[in-house]
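Novice: Using only what follows, build the 3D model:
(2 chains)
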2 protein chains.
Amino acid sequence: MADSSAAEQDGDNVIRIMVATDNHLGYGEKDAVRGEDSFTAFEEILELAVAEDVDMILLGGDLFHDAVPSQNAMHKCIELLRRYTFGDKLVSLEIVSDQAQCFYNAVNQSVNYEDPNLNIAIPVFSIHGNHDDPSGFGRLSSLDLLSTSGLINYFGRWTDLTKLEISPILIRKGESQLALYGLSHIHDGRLARLFKDFKVTFERAGPGGSDASTADAAEDDWFHLMVVHQNRADRGPKNYLPEELLPDFLHLVVWGHEHDCRIEPESNAKKGFYVSQPGSSVPTSLSEGEAKKKHVGLLEIYKTKFKLKELPLQSVRPFVYDSIVLPDKAEELGLNEGDASTKVYKFARERVESMIEKAKAQLTGHPKQPELPLIRLRLLYTDESCMFNTIRFSQMFSTRVANAQDVVQFSKLVKRTKGENVQLDKEAMRRALEAENATRVEELVDRYFEEAKTKKPLKLLHSKALAEMTYRLVERRDANAAENIVKFYREKAVEHLMESMPNEESIDDELQNFRERYKHEDLLRMLDARGVKTKNESSVFASKDDANGSTAAAAGRGTRGTRGRGAARGRAAATRAKPQLDASVNNSRSSGRQQTLASSVRGAKNVPPYVISDDSD
Amino acid sequence: MADSSAAEQDGDNVIRIMVATDNHLGYGEKDAVRGEDSFTAFEEILELAVAEDVDMILLGGDLFHDAVPSQNAMHKCIELLRRYTFGDKLVSLEIVSDQAQCFYNAVNQSVNYEDPNLNIAIPVFSIHGNHDDPSGFGRLSSLDLLSTSGLINYFGRWTDLTKLEISPILIRKGESQLALYGLSHIHDGRLARLFKDFKVTFERAGPGGSDASTADAAEDDWFHLMVVHQNRADRGPKNYLPEELLPDFLHLVVWGHEHDCRIEPESNAKKGFYVSQPGSSVPTSLSEGEAKKKHVGLLEIYKTKFKLKELPLQSVRPFVYDSIVLPDKAEELGLNEGDASTKVYKFARERVESMIEKAKAQLTGHPKQPELPLIRLRLLYTDESCMFNTIRFSQMFSTRVANAQDVVQFSKLVKRTKGENVQLDKEAMRRALEAENATRVEELVDRYFEEAKTKKPLKLLHSKALAEMTYRLVERRDANAAENIVKFYREKAVEHLMESMPNEESIDDELQNFRERYKHEDLLRMLDARGVKTKNESSVFASKDDANGSTAAAAGRGTRGTRGRGAARGRAAATRAKPQLDASVNNSRSSGRQQTLASSVRGAKNVPPYVISDDSD
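Specialist: The predicted structure follows:
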């Protein structure tokens, strides 16, 4: 209609939302070099929100890296939120749904900007992720503290795990009406069961009525926006949330948890909605996905149309990732004659040098951007004669990179007769084993601690580890030290299982072999080589629940596992992305479109096939 | 002057302050029975502040029990502060000193009620105590979080430990001017050294000028109020803060840290100021001092006069404490013939029954007051044949008391030839040893963990303890469990030293004997007998730094150690208390006066002699 375009231009009718996720505040906070990175990026996001004069900020979970953030992380977060989101600016969003229900956990049962005692300029809405989900005594999330302090609006929180009833927060601004659905992180396996048992219902806004299954997609004025924090990449049956399970009346899904930036909305043709994956604002692992340019999004909604403008983050530390299959370089480097190790060492040194050069291109001139780059060169090898001491190697660059302890990483390729590597298949097996046995394996490993408690001698933990634990406890008064060592051992134990791929019966023996295989000293060295990451390391089970792949294995998987399939779909996604662009409010910004088209091709490389495999139950 | 009394009646000229301290939020929060006690009492205090329509609330430290409060404790505290201290009421206190200096750690460098984005009705001012002092990474206090959230005004924070410059917050209301001095907790030994080296200076408000030592006490209009959180009872040289060290221009000192309620101001004739010790609002140990009736104070200030009205807390759990010297009962109970154990058991049972009856008198009818009482009967014995299994004994009362695990406690009396018990002298020795060696002992014990780390085998901790630690860690994901076991061991080790009173040379051997003496199983039983208190147990060093005497030894010391000397001074204090009453604004409330006089006699029982012993350096 003629006047529509006019109305679309009218700020009073357009809801403007700053979209970001996985800020992981506190990640590596004790690292002398990288300690501030998570806070710097979050501050830039808040600055952008102020500069863009948005109506609200929408976060997709994992605001904090630790379930119980350090007082330092909590303090810095509170300080930033108060500095940037408080003020006299009038909030023009009207909440028309029952606030007591949406914000039952807020002190005065209302959105924070309607609290007469607080002066909020930019309300922040957030679900929780797997890193800041309710935990510990009282089952509170760190977001509860922020919510009770009036600093954020914590929503999408489930309380009943036998069934999920997802009802939206209804927001009105002029002619536009937003139905905001949130699903805070829930274990993927459990969520899959709930869907399978039809225990997930969406209370649809507008004429559609409350029953999603029978809801007709009849035109109504509501824009249906959903925020989730689940695995999106296929990490095995029951181990991710297939988009197909989300209702087709949605217009847009903001997907948290996955750390690689795929913020350009990708259309799900089957369901008729778009998915935008902003990605993390700080890399929590040195994986390929995390090396992508980080963005947040400026989402503009007019009635049922939306436009998402990508805003590149300028204060993020440069990060260059590269992965080399050494066998492919055998001839070029002459690895088959002479001292292969030295040749690879020389090759790696030159490669890292060029990566450091390359990193300079990522300097934006942002006053707070740290200049020391993150550099990760992964060397896939078959012949151990290629290897060298990576720790000593990395020391070469100690003054020129931010991750001086792990610039180079070797990973073994398993040769097939056909000569082509089997990473993918091994991944598939690994994923399968994980999906089927993970819970059981977890119970199993725990049982070893359990039983040791009652009768058995310790199977898994070296007494030395127990000692080490105590010294760190007493020495540093750091209770984390202990917990981390235990986690680390559990992690290694399960990695051991994954590698040895035992059949069900022999798993017990394998766990017993674990101790003989690893000397405590080696484990400690591995642990300490991680430096600060120890503090933040999550157990290997995180590599299922946690897309940031905080273990090397998981990081590898995140990228390797899907590359093959991804490329084709990437092109598809790019073309499918067009209609969304036509739907955009303001067609004049064609440059923006080109950029997003391009990025969507890059972004789409990791798109996994969205199907539920038959063995999912 | 004639009009003065009129002005005194005028609310616009009287500064009204709710005074409380040592709320220990989160103490025993995991205890199914007592878990809410600390929060209930704190809420009553806030309710009283609202009901009394005070201008501000002043807290003396230890708002939280743990340096890093659980998210549950922090959440509840935030919720209470927002509910009771936020609102439209106009705050009539004008800050006339440089706020950027007083509140440098606040986001906008001002008192919270002048923050344009917050609507504060009753500002809370607090120093930190030894329980919520800055700690961990970032050296932040939990009060920093509350301060940055705008919930409290955290002051009296020192940053330079080489010298203390204490400058007041200057507050004006009508004709009254308040100079509020705060000294957040600092290790007593360190504070003693700073005083000894003349490194502590008070910037005096008004004409007095900034140099306390030469400050003439010339009349000025300022009321000088100081808040401290240090040992007040003499726990050995360098191990408490003698009142004499505080400047004589002060009018009133609010003393935190000591848990027994001595809120009735006691005059220090030598210095010419009064001291009020509100005491804790929740008992954190079952000692005599904690059994006293808990109060908070309504402090009214007009120019340089003040009046403190005692407000009894109605929601505090009933607590009856009794201590029996069994030898004194030997005849009455016929302990010298027949089965002494059974007779004492019978006696104890009857006594506890009557104590439970007595506890009913403490029921106030407050809707939130828990009815199950705390009961502690201490039996001082010389002959072990009197003893019985206290845990089984306590089970008798499991449904009728709140501390079913430790109703009765046996403590050994050492007989002298002169027949009179030597508790006091032993206490003196113990205190002396502590004062002289405590730091060294602490270092020593730590060194055992230290050295074990590098070369030595474990001296102090049983490997079983290390195991136990891990199981609890893994089983409960409760890092505290581990830390507590370590603390408990260190505590026992030092108690062992204290009892055996070795000379300097033999301390090392004694520590080595420690392991043989205690079987791990016994230690664990002791540990578990404490039930929830484990979580909150502080190391024995807390019995120096921590007046709540959270260890049995310390609790005993807190009371026994001073009773003898106390009585005489009690009467003195009572009489000296009169002039203060005459100075009170409103003489009409004579009933209140009687009550406070009486209570001051009780309250004074624990007054220690305020002298610096010559060997203090």
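
Novice: Could you verify my assumption that A:Met396 touches A:Arg349?
Specialist: Yes: under the contact definition of C-beta atoms under 8 Å, A:Met396 touches A:Arg349, with a separation of 7.0 Å. Where you see a C-beta, it was placed from the backbone N, CA and C, and this is true even at glycine.

Novice: what sits in contact with each of these two?
Specialist: Among the neighbours of A:Met396, none is also in contact with A:Arg349 (C-beta atoms under 8 Å, 6 or more residues apart in numbering or on different chains).

Novice: Hmm, A:Ser141 and A:Ser135 touching each other?
Specialist: Yes: A:Ser135 lies in contact with A:Ser141 (C-beta under 8 Å); the separation is 7.4 Å.

Novice: Between these two, which has more neighbouring residues?
Specialist: Each of A:Ser135 and A:Ser141 had its neighbours counted (other C-beta atoms under 10 Å in any protein chain shown), and the higher figure belongs to A:Ser141 (29 against 17).

Novice: surely A:Val275 meets A:Glu264?
Specialist: No: using C-beta under 8 Å, A:Val275 makes no contact with A:Glu264, being 10.0 Å away.

Novice: okay, those two: which has more neighbours?
Specialist: Set side by side, A:Val275 and A:Glu264 give different neighbour counts by other C-beta under 10 Å, the larger being at A:Glu264 (28 against 24).

Novice: quick one: strands adjacent to the helix or strand where that one lies?
Specialist: Under DSSP states H and E, the secondary-structure element containing A:Glu264 is strand A:262-268. In its sheet, strand A:262-268 lies beside strand A:273-277 (antiparallel), with partners assigned from DSSP bridges.

Novice: okay, the angle between the helix or strand just after the partner strand and strand A:262-268?
Specialist: Past strand A:273-277, heading to the C-terminal end, the next element that is a helix or strand (DSSP H and E) is strand A:295-302. Strand A:295-302 runs at 50 degrees relative to strand A:262-268, counting by axes from the mean of the first three to the mean of the last three C-alpha atoms, to 10 degrees.

Novice: helices and strands around strand A:295-302, which ones?
Specialist: Where contact means 3 or more C-beta pairs under 8 Å, 6 or more residues apart in numbering or on different chains; DSSP states H and E, strand A:295-302 is packed against strand A:15-20, helix A:37-51, strand A:176-183, strand A:262-268, strand A:305-312.

Novice: Extract the C-alpha trace of the last one and format it as CSV.
Specialist: Only the C-alpha atoms of strand A:305-312 are listed here, as CSV (Å, rounded to 0.1, in the frame of the first residue of the first chain):
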residue,chain,number,x,y,z
LYS,A,305,8.3,-7.5,7.9
PHE,A,306,11.8,-7.4,9.3
LYS,A,307,15.3,-6.3,8.3
LEU,A,308,18.5,-7.3,9.9
LYS,A,309,21.5,-5.1,9.5
GLU,A,310,24.8,-6.7,10.4
LEU,A,311,27.1,-4.6,12.6
PRO,A,312,30.7,-5.9,12.6
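
Novice: quick check: mean pLDDT across it?
Specialist: Taken as a whole, strand A:305-312 has a mean pLDDT of 97.

Novice: going on from that strand, what's the next piece of helix or strand?
Specialist: Stepping forward along the backbone from strand A:305-312, the first helix or strand reached (DSSP H and E) is strand A:319-325.

Novice: Now that next one: average pLDDT?
Specialist: If you average the per-residue pLDDT over strand A:319-325, you get 97.

Novice: Which positions in that strand come out as buried?
Specialist: Buried residues in strand A:319-325, counted by 16 or more other C-beta atoms under 10 Å in any protein chain shown: A:Phe319, A:Val320, A:Tyr321, A:Asp322, A:Ser323, A:Ile324.

Novice: just these now: which is nearest chain B?
Specialist: Checking the buried residues of strand A:319-325 against chain B by C-beta to the nearest C-beta gives A:Phe319 as the nearest, at 24.5 Å.

Novice: Please name the nearest non-neighbouring residue to the closest one.
Specialist: Closest residue in space to A:Phe319, ignoring its immediate chain neighbours: A:Leu374 at 4.0 Å, by C-beta to C-beta, 6 or more residues apart in numbering or on different chains.

Novice: burial count for the one you found?
Specialist: Residue neighbour count, defined by other C-beta under 10 Å, stands at 26 for A:Leu374.

Novice: Please verify my assumption that it contacts A:Asn403.
Specialist: Yes: contact between A:Leu374 and A:Asn403 holds when scored by C-beta under 8 Å: they sit 5.3 Å apart.

Novice: Which residues are in contact with each of the two?
Specialist: Here A:Leu374 and A:Asn403 share the contacting residues A:Arg34, A:Leu286, scored by C-beta under 8 Å, 6+ apart.

Novice: Can you give me the pLDDT of whichever residue of the stretch 151-300 of chain A sits closest to chain B?
Specialist: For the stretch 151-300 of chain A, the residue closest to chain B is A:Leu151, as judged by C-beta to the nearest C-beta, at 7.3 Å. The confidence metric pLDDT takes the value 96 at A:Leu151.

Novice: quick one: contacts for it?
Specialist: Per C-beta under 8 Å, 6+ apart, neighbours of A:Leu151: A:Ile78, A:Leu81, A:Arg82, A:Thr85, A:Asn112, A:Val124, B:Ser149.

Novice: Can you pull the phi/psi pair for it?
Specialist: Here the main-chain torsion angles of A:Leu151 (degrees, to the nearest 10) amount to phi -90, psi -30.
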